[in-house]
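Asks: Turn this into a structure:
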Amino acid sequence: MSLTLSSSAFQAGGAIPAEHTCEGSDSSPPLDWSGIPAGTRSLALIIDDPDAPDPAAPKRVWVHWVLYNLPATSTGLPAGVKTLPAGTRVGLNDSQEAGYGGPCPPIGRHRYFHKLYALDVVLPDLGQPTKKELEVAMTGHVLDQAELMGTYEKRGP
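Replies: Residues are numbered from 1 along each chain as shown. Down below sits the predicted model:
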């Protein structure tokens, strides 16, 4: 069985509900995972948008959430999670905030990739790492990974 990632809020490739964006409560979507491989000691989660600022002319990947050292025994996160599982550490998103920053695309329909990594280690305390810093720390430790992509386009200005 391989690692899988899903959400009860949206289907793979489907629209992320406004509730989980800047046009709603900006709360994190519910996420569920299964198929944790043997030898997994911790999990990491990164949500990013490769279509910033304009899907027709992307210039950068915008990071929305960075989590690491999620317990290997965890099976998901509820919508709008306020208390993360014990031991979980939070990195910086591209708004320079620790925590979830929901979709808020300035133009067009963007893709949001939710990436879960099963790691063979519990990472040392990295403080509040950026996505890049976390990826460097994970190098050589990824046993498996799963991805869930959702889309969003703002309704208003």
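
Asks: element containing the residue nearest in space to the middle of the chain, please.
Replies: Residue closest to the mean C-alpha point of the chain, counted by C-alpha atoms, centre = their mean, is Ile47 at 2.8 Å. If you go by DSSP states H and E, Ile47 is part of strand 42-52.

Asks: shaky segments in this structure?
Replies: Applying pLDDT under 70 to the chain flags the ranges 1, 156-157.

Asks: Can you spell out which helices and strands pack onto the strand holding Ile47?
Replies: If you count contacts as 3 or more C-beta pairs under 8 Å, 6 or more residues apart in numbering; DSSP states H and E, strand 42-52 packs onto strand 60-71, strand 110-119, helix 131-138. Glycine gets a C-beta too; all of them are placed from N, C-alpha and C.

Asks: follow-up on the earlier one: residues contacting the residue nearest to the centre of the chain?
Replies: Val63, His64, Trp65, Tyr100, Tyr112, Phe113, His114, Lys115 (C-beta atoms under 8 Å, 6 or more residues apart in numbering).

Asks: out of the residues you listed, who's nearest Tyr152?
Replies: Tyr112 (6.4 Å; C-beta to C-beta).

Asks: Now do the contacts for that closest one.
Replies: Listed by C-beta under 8 Å, 6+ apart, the contact partners of Tyr112 are Ile16, Ile47, Asp48, Asp49, His64, Pro103, Met149, Gly150, Thr151, Tyr152.

Asks: Which strand residues bridge it?
Replies: Gly150 (DSSP bridges).

Asks: Quick check: the gap between it and Val121.
Replies: Counting by C-beta to C-beta, to the nearest Å, the gap from Tyr112 to Val121 is 27 Å.
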